[in-house]
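A.B. asks: I need the structure of the sequence given here:
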Amino acid sequence: MDLTDRELQMFTEMSCGPTNKQLSAGLGITIRTVKFHLENIRIKLGGLSRLQMCLLAVHHRIATCPAGHV
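C.D. replies: Model prediction:
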């Protein structure tokens, strides 16, 4: 994955299945900016659906967390 730092931050947050509004509030950015970043992530990941992105984010989180910290 060749995501920017912000895209990677948003991708990681996707593991909890947040709404755009929740992402916006949690990251301190506008909903329009959330949509912009999510679309860029989708394109970079080959056009995945939002559900597929969430599932991939869960897998990524599990794979990158130290044992017992998921």
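A.B. asks: what residues does the lowest-mean-pLDDT helix or strand in the chain touch?
C.D. replies: Here the helix or strand of the chain ranked lowest by mean pLDDT, DSSP states H and E is helix 50-64, holding a mean of 88. Helix 50-64 has contacts (C-beta atoms under 8 Å, 6 or more residues apart in numbering) with 11-15, 17, 38, 41-42, 45, 48, 70. For glycine as for every other residue, the C-beta is placed from the backbone atoms N, C-alpha and C.
A.B. asks: Mind picking the two most distant members of these?
C.D. replies: In terms of C-beta to C-beta, these reach their longest pairwise distance at R42 and V70, which sit 24.5 Å apart.
A.B. asks: which of the two has more neighbours?
C.D. replies: A direct count of neighbours by other C-beta atoms under 10 Å for R42 and V70 places R42 higher, at 15 against 11.
A.B. asks: which SSE is that one in?
C.D. replies: Secondary structure from DSSP states H and E places R42 in helix 31-44.
A.B. asks: Residues contacting that helix, please?
C.D. replies: Residues contacting helix 31-44 (C-beta under 8 Å, 6+ apart): 1-4, 6-7, 10-11, 20-21, 23-24, 27, 48, 50, 53.
A.B. asks: residue ranges with poor pLDDT in this structure?
C.D. replies: Under the criterion pLDDT under 70, the flagged ranges of the chain are 1, 65-70.
A.B. asks: Could you state which residue of it sits nearest its centroid?
C.D. replies: By C-alpha atoms, centre = their mean, the mean C-alpha position of the chain lies nearest to F11, the distance being 1.7 Å.
A.B. asks: Tell me who's in contact with that one.
C.D. replies: Here F11 is in contact with 1, 3, 41, 53, 57, 60 (C-beta under 8 Å, 6+ apart).
A.B. asks: Considering these, which possesses the most neighbours?
C.D. replies: Within the contacts of F11, most neighbours by other C-beta under 10 Å means I41, with 22 neighbours.
A.B. asks: how close does it sit to T4?
C.D. replies: Between I41 and T4 the computed distance is 9 Å (C-beta to C-beta, to the nearest Å).
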